[in-house]
Structures are given as C-alpha cells and as structure tokens.
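# have a look; sequence and predicted model below, questions after that.
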Protein chains: 2
Amino acid sequence: MDYSKLDGLIPAVIQDFETSEVLMVGFMNDEALERTRESGYATFFSRTRNTLWMKGETSGNKLAVVDIFVDCDDDTVLVKVKRLGDGNVCHTGERTCFYRKFDRDRGEGAPGNV
Amino acid sequence: MDYSKLDGLIPAVIQDFETSEVLMVGFMNDEALERTRESGYATFFSRTRNTLWMKGETSGNKLAVVDIFVDCDDDTVLVKVKRLGDGNVCHTGERTCFYRKFDRDRGEGAPGNV
C-alpha cells in the first residue's frame, strides 16, 4: 500500500457485502490495516484522537471483514463487511453515515442530470 | 462541507447507481464539488497535478451524477453515477479501480472471517 499521499493514511471505504450500501469512510494507517486483517474487524486510525479504534468495540456494532479490495494505485481500500450488533453503523443511529442527500438538505432540488 | 481535515480536500466515493459497485475514490476541493454539481459530471482535484480534472473528459468515460450524499460529519461525499462511454472507469481498462483482492494478489488466502 502507498501511504505517502496522506501522511501515512489511506481512505477505507466500508461497504455492506449483502446490500452493497456504502456505510462509511474511515482512514487507516499501516497498523490499522494490519489490525483489520488480523482481527477480522474493521479498525481505523482516528485523526482527531490520534489512536486506533475498532469500529463497534464498545457498541457491539462491529464490522466483520468479508473481503478487502485494493485500488489500482494502492492508495485506497474497499472493505466489504457484515454488519454486527444492531447493524447501525453511523454514530447518529442511522444504518449508513451517508443518509443525507447533498442538495435536499439545502433545499436546492435534485442535483442529477440523469 | 468540512474541508479542514485534509487540507481543503474531501474523499469522494464513486458508486455505480445501477450495480452499486464502488468504482473509484477521488478527492474534491470546494471548487471540484461545485463543478461536479454544476456540470453534472464527477470532477476531482488531482493531488499530483494540483488541478481540477473531469473524469473521462478526454476518454469519453464520464461519470454522470445521479445523486450526491454527504456523510454524518460533512467530510466525505458519496456520488452515485451512471457510467458513460465504454463504462470502464479505471485507467487500467477495468470497470472499477477496485479489481484486486488484497490478499489474493499476495498469496495469503482469503482475509474474511465470515
């Protein structure tokens, strides 16, 4: 992996392996990726707390790793997971962190051209 | 959007709106996101070339925006797109940039615990 572009970090896209929903994006350093592989649970590096954290370690809503894919230039991973616990990944209690449409919440109508 | 965490950039996850495949991850600054919304085609900020680029502008493989979602803390977007042109998003000619399993290519067997 190439960690050089973001000061030792790579984005990790978390996708539900059953529904294909994108659930969240976190950042991993080399240690977080190793921990993810060894433990079988998605583990990130917190940029604000400057420490590793296993998603759901306290809530029980862990993300069990099914597959990990690497992108073409080795600077991003896609982690397909099975949602454990109550299955709500976002700290707001929503199933996915991407629960808001960009424009809808700003009252500007749909952004699409398709 | 909160651009403060990555020096003016946010990750943008690009997902096929029909198949739900994650196709690529790029970075956007405020201008790239505005350009994406105005043009209706995914436009990124190139960290290596320090310039905006519309994906597929030369190849014709543009990514037409269907929906944009914002994550819970406003520092990542999920862009659902329709693939245009030959539909191959990766510069290698693959449909998605995430065409390699992490462990398979390293001969260490499957990573999953599910």
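Structure's in. What do you need?
# which non-adjacent residue is nearest A:T96?
Among residues not flanking A:T96 along the chain, A:L23 sits closest, at 4.7 Å (CB to CB, 6 or more residues apart in numbering or on different chains). Using the backbone N, CA and C atoms, a C-beta is placed for each residue, glycine as well.
# I'd say the one you found and A:K80 touch.
No - between A:L23 and A:K80 there is no contact under CB atoms under 8 Å: 10.2 Å.
# list the contacts for A:K80?
A:Q15, A:D16, A:F17, A:V65, A:V66, A:D67, A:I68, A:F69 (CB atoms under 8 Å, 6 or more residues apart in numbering or on different chains).
# so what's the residue count around the fourth one?
Translated: A:V65. Number of residues near A:V65 (other CB atoms under 10 Å in any protein chain shown) recorded here: 25.
# where's it, which helix or strand?
Using DSSP states H and E, A:V65 falls within strand A:63-70.
# so in that sheet, which strands flank the following helix or strand past that strand, and in what orientation?
Counting by DSSP H and E, the element after strand A:63-70 in chain order, helix or strand, is strand A:77-83. Strand pairing for strand A:77-83, determined by DSSP bridges: strand A:10-16 (parallel), strand A:63-70 (antiparallel).
# pick the most deeply packed of those strands.
Most buried of those, by mean neighbour count (mean count of other CB atoms under 10 Å in any protein chain shown): strand A:10-16, with a mean of 24.
# from the structure, what's the count of residues near the residue nearest to A:E18 when sequence neighbours are not counted?
Excluding the flanking residues, the one nearest A:E18 by CB to CB, 6+ apart is A:K82, at 7.2 Å. Counted with other CB under 10 Å, the neighbours of A:K82 add up to 16.
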